[in-house]
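>>> Have a look at this fold, sequence not included:
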């Protein structure tokens, strides 16, 4: 994990794990058809994920942030083959998972798992916990693991309940008997019981109260260390992402607009949307007075994304630069600007000179607090 | 330090236990769990009406099975309409005429207690009503489940088939089918009602599947590699039980009455075979002469069956829902 | 308890206070027993003041607001005791028709989910106009213009067009603006905002927070904000009331409560928030869960989860597990419901205060 000063230097990528990619995504697209009328005529597509490329390294927590409808959840679901892809490639250690069928697909499911946001809806109300966790074992049973045998399966269910901090004797109880935090742990045990390498955590703490959130975050990090897991961690809460991620991708309207090691991203954001997003987060420290960038208007519909840069309709930087032509006409390439930092903005380099980032998201240093309470102030 | 308290209990939920152990870390509690049938029974027996309904229904079944051995009458058949010439006599406990004693009144001409027909009728009526319902529930649940789960063109095709069948006059179809499948024997009548009775249910099940398949727990099952068939049967179908049970209880009543109707038209079970519907039907000719008992007792049997099944269904619905309170 | 807070408010004259809630208790009688959702809550809001009720789900903050508005269904609800003084009247004893005039007129409320609080079959203009007509006795034409103006005030672009649209044609942020426009159209003296931004995305949340602050400052309406988000609290209000299990556990100014939390619960809550500074360390955690409302601990409601709770061996001394502490005044409007702040336990308080410094550095 990167040191706290990694960002200030503007260079050192927040290296995690050994840097070997476990998942590589290339130009992934997931469109949803829009059908209208009685004849269900095809009226267009919602471009939920529209050409996204990045890689996730073994052992890291890759955070994916963005607002609702930006496609972050669809991306993860497509990767896990819960959603039909429209195009692109997603490789798990070199093999394209989007082409797997039958046996291969089932084997892949053992290696890639998911944790859901909603601790109520993700557990079948008619199944005892032993079945909720055991169904996966049964589906993946073979002669080697002997998960087809009730005894073996039940033992493993108990082991994994304990692994996530629950008791063995909960196994035959039904979901409604559990508290929210306990239910989320059951969901984690279900994913973990198959012994996966990669877990897509889809807003795993968003539905939980603050005091329960921290328990689950601690658990997720402990499990990563104990089981050598790699996470794709989707959240809309930027503080959670900042705490847990090694690298972060920012999505807007189906596209990645910025990707960077976490410290670098929060210290030195280069996309005007990222900057606006970071500045919008309310800080629980009342001494922190961020200069806010209040984005005007709403996110455009992903069924009809704006031409050129998708963010240009709400972009404050474009306004400051005097509405340059290319923003509205040319889709900016997702390009490397050094230190593992990628950004899709024509004017990423000019963010520093045009608008001092510090001035935009800068804070008044709280007096007498070493290091400051706010990470942004720390870095700028 | 407090003394260690050891308890074994099935009455705490994990959520309560979590809290209890927080407040009393010195407690040592072993959580017991009842199996799902014990749980279901616990929930069922709290329902007074359901218990009464179940008792009623079981009593009727018992009467249907063993009743004919005790009610010794020569005639297990309804007299043919041509043989009916007079209305018979009311029950002895109304008329005061105890020679011979008539519990439910006399059938026309044959001078036999209608009790024999009602008791014998229970067999066929219950078997046809319950059997046809089971057939239609199975077909309807699978058809609707497959359509709703897979969606897309398959759903469109399957549901268009249901829609077009629904536009046909079902009763007419039943009559025609009755003609071809052989008249008069109860299995074919049961089969016909079963084969045409699932249409509405399949639409209900489909709509439930359409919303349930979007639930996270279905994705969770797919994500661990559970097959589609198992997801439909083991993961989604149990969540549609409540409305299916309601539909099924209504269906049993519907079939018993429907069977009476087609039999009356001469297309169902042979009119001389005692089903409640047939007994009811045969009474119609003499209703004007005031032989109310002939219609009343088989009708009352139908009402009791329907009530019993409905109450029982209510309790069953709760009993099979793990979320219901114990 | 009333006196604690009232005296804490110091020299404020009675007519400085727009809302004075005293010993409010709201119970719900349900099958399993009685839930004491709000159990003895006192606070005041000054004219043009901004106060937040903070706590996790189920702490009673929303029920408090609904009780103030008399929007509790009775039964199963019961307002077991209390007074809600608003502008010289006790809202809890006001006749129903007068209460209706207060509701939406002098006190306005906005909710978390703007879609369900708007009527889907009426246009936005109709709904704002309705409120205006009811409370300000305007004619149709005037009401329509008031609606357009109200939308313009909350920054809705092209209000003449929007006013004729239906709620489903608007985005979430736009709907919340419409809700705020409706709420403010009658110039309320008090605005109650129940989790107004929880359902919104962060950039839209920012827009709405800025709007609420701007309007609050412009119109001078008092604000009662209900939220679980301490970040929103820090930026929006001046005073904070922290609730836990139906009770107030801590009060003070926003700086005091968020920077120097006195109650162990507030402290635990603050330190469990993840942030960059805590990377690589485990988050500190409040163990366990909020108590079951049917099985409340006999003493301090936070005691089972409290890392500072102690058992006593001294006869007659109150214990965390057995005796519930009062809301103890700490002077200057600060108060904490914790035995640590009882004069008998100053020694323990010193031990408690020590790790604060450490925690502060860790931040």
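On my side now, so go ahead. Note that the structure is predicted; figures quoted are calculated from it, not measured.

>>> Quick check: the residue lying farthest from the centre of chain C vs residue C:297, distance?
What lies farthest from the middle of chain C is residue C:315; by CA atoms, centre = their mean that is 39.0 Å. Counting by CB to CB, to the nearest Å, the gap from residue C:315 to residue C:297 is 22 Å. Heads up, the C-betas are built off the backbone N, CA and C, glycines and all.

>>> Got the confidence number for residue 80?
You didn't pick a chain, so chain A it is. Looking at residue A:80, its pLDDT is 94.

>>> That was the other one, I meant chain C.
Listed pLDDT for residue C:80 reads 86.

>>> That one: what's it in contact with?
By CB atoms under 8 Å, 6 or more residues apart in numbering or on different chains, the residues touching residue C:80 are C:25-27.

>>> Just read off the phi/psi values of it.
When read as degrees, to the nearest 10, the backbone of residue C:80 gives phi -70, psi -30.

>>> ok, it to residue C:219 distance?
35 Å.

>>> Filter the contacts of residue C:80 down to the ones in strands?
C:25-27 (DSSP state E).

>>> what about the residue in the stretch 51-200 of chain B positioned nearest to chain A, how many neighbours?
Proximity of the stretch 51-200 of chain B to chain A (CB to the nearest CB) peaks at residue B:156, 8.2 Å away. Residues contacting residue B:156 under the criterion other CB atoms under 10 Å in any protein chain shown number 12.

>>> Helix or strand next in line after the helix ranked longest in chain B, which one?
Assignment by DSSP state H gives helix B:115-150 as the longest helix of chain B. Remark: after helix B:115-150, the chain's next helix or strand is helix B:152-167, criterion DSSP states H and E.

>>> Which of the residues in that following helix are classified as buried?
B:155, B:158-159, B:162 (16 or more other CB atoms under 10 Å in any protein chain shown).

>>> and what of stretch A:244-254?
For stretch A:244-254, the neighbour count (16+ other CB under 10 Å) marks A:244-254 as buried.

>>> quick one: which of these sit in strands?
When the buried residues of stretch A:244-254 are checked against strands (DSSP E), the matches are A:247-252.

>>> Does residue B:192 touch residue B:171 like I think?
No. Contact between residue B:192 and residue B:171 fails when scored by CB atoms under 8 Å: they sit 10.9 Å apart.

>>> from the buried residues of stretch A:244-254, which is closest to residue C:159?
Nearest to residue C:159 among these is residue A:253, at 26.7 Å by CB to CB.

>>> pretty sure the closest one contacts residue A:303?
No. Contact criterion CB under 8 Å: residue A:253 and residue A:303 do not qualify, at 10.5 Å.

>>> Neighbour-wise, give me the winner out of the contacts of residue C:80.
For the contacts of residue C:80, the largest number of neighbours (other CB under 10 Å) sits with residue C:26, at 25 neighbours.

>>> How about that one: what's its closest non-neighbour residue?
In this structure, residue C:26 finds its nearest non-sequential neighbour in residue C:38, 4.1 Å apart by CB to CB, 6 or more residues apart in numbering or on different chains.

>>> quick one: strands adjacent to the helix or strand hosting the one you found?
Remark: residue C:38 resides in strand C:33-46, with elements defined by DSSP H and E. Neighbouring strands of strand C:33-46 in its sheet, by DSSP bridges, are strand C:17-30 (antiparallel).

>>> Now find how far off-centre the partner strand is within its chain.
12 Å (CA atoms, centre = their mean, to the nearest Å).

>>> again, but for stretch A:301-316
With CA atoms, centre = their mean, you get 22 Å for stretch A:301-316.

>>> Quick one: residues in contact with that stretch.
Contacts of stretch A:301-316 (CB under 8 Å, 6+ apart): A:34, A:44-48, A:50, A:69, A:71, A:252-255, A:257, A:271-273, A:276, A:293, A:295-297, A:299-300, A:318, A:326-332, A:344-346.

>>> Could you list which of those residues belong to helices?
Among the contacts of stretch A:301-316, the ones falling in helices (DSSP H) are A:272-273, A:276, A:318, A:326-329.

>>> quick one on the thing from earlier: out of the buried residues of stretch A:244-254, who's near chain C?
Among these, the ones lying near chain C by CB under 8 Å from any CB of the partner chain are residue A:244.

>>> Can you tell me which of the buried residues of stretch A:244-254 is nearest chain C?
Checking those one by one against chain C (CB to the nearest CB), the nearest turns out to be residue A:244, at 7.1 Å.

>>> residue boundaries of the strands in the stretch 1-150 of chain A?
Under the criterion DSSP state E, counting those that start in this stretch, the stretch 1-150 of chain A contains strands at A:21-36, A:41-57, A:61-65, A:87-92, A:95-96, A:112-115.

>>> The shortest one - contacts with which helices or strands?
Other elements packing on strand A:95-96 under the criterion 3 or more CB pairs under 8 Å, 6 or more residues apart in numbering or on different chains; DSSP states H and E are absent; no helix or strand qualifies.

>>> contact partners of it?
A:89-90.

>>> Also stretch B:319-326?
A:125-126, A:128, A:174, A:176, B:36, B:39-44, B:46-47, B:50, B:238, B:241-242, B:245, B:318, C:31.

>>> from the chain's centre, how far out does that stretch sit?
Counting by CA atoms, centre = their mean, stretch B:319-326 comes out at 21 Å from the chain centroid.

>>> give me every residue that touches residue B:12.
B:20, B:29, B:31.

>>> about what we covered before: generate a ChimeraX selection restricted to the buried subset of the contacts of stretch A:301-316.
Buried subset of the contacts of stretch A:301-316, written as a ChimeraX selection, criterion 16+ other CB under 10 Å:
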select /A:45,46,47,48,50,69,71,252,253,254,255,257,271,272,273,276,293,295,299,300,318,327,331,332,344,345,346
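
>>> Next one: residue A:315 relative to residue A:67, how far apart?
Distance, residue A:315 to residue A:67, using CB to CB: 15 Å.

>>> now do residue A:95
33 Å.

>>> which of those two has more neighbours?
residue A:67 (21 against 12).

>>> Report the central residue of the chain.
In the absence of a named chain, chain A is used. Centre-nearest of chain A using CA atoms, centre = their mean is residue A:234, 2.3 Å out.

>>> looking at chain C here, not the other one
residue C:53 (2.6 Å).

>>> That one should be in a strand, yeah?
Yes. Assessed by DSSP: H, G, I helix; E, B strand; the rest coil, residue C:53 belongs to a strand.

>>> wait, isn't it in contact with residue C:61?
Yes. At 4.2 Å, residue C:53 counts as touching residue C:61 under the criterion of CB under 8 Å.

>>> how near is residue A:159 to chain B?
For residue A:159, the distance to chain B equals 17 Å [CB to the nearest CB, to the nearest Å].

>>> who touches the strand or helix carrying that residue?
According to DSSP H and E, residue A:159 maps onto helix A:150-163. By CB under 8 Å, 6+ apart, the surrounding residues in contact with helix A:150-163 are A:129-130, A:133-134, A:137-138, A:141, A:145-147, A:167-168, A:170-171, A:186, A:189, A:192-193, A:223, A:226.

>>> can you give me the offset of the helix or strand encompassing residue B:66 from its chain's centre?
Element membership for residue B:66, per DSSP H and E: helix B:48-70. Counting by CA atoms, centre = their mean, helix B:48-70 is centred 13 Å from the centre of its parent chain.

>>> tell me, how many neighbours does the residue lying closest to residue C:19 once chain neighbours are set aside end up with?
What sits nearest to residue C:19 in space, not counting adjacent residues and going by CB to CB, 6+ apart, is residue C:45, at 4.4 Å. Per other CB under 10 Å, the neighbour tally for residue C:45 reads 24.

>>> Equivalent analysis for residue C:127, please.
What residue C:127 shows, counting by other CB under 10 Å, is a neighbour count of 22.

>>> go on, the one 10 residues further on?
Residues lying near residue C:137 (other CB under 10 Å) number 9.

>>> if I look at it, how far off is residue C:190?
In terms of CB to CB, residue C:137 sits 21 Å off from residue C:190.

>>> who does residue 251 bridge with?
No chain in the question, so chain A it is. Judged by DSSP bridges, the bridge partners of residue A:251 are residue A:256.

>>> actually chain C
Going by DSSP bridges, residue C:251 is paired in beta bridges with residue C:241, residue C:335.
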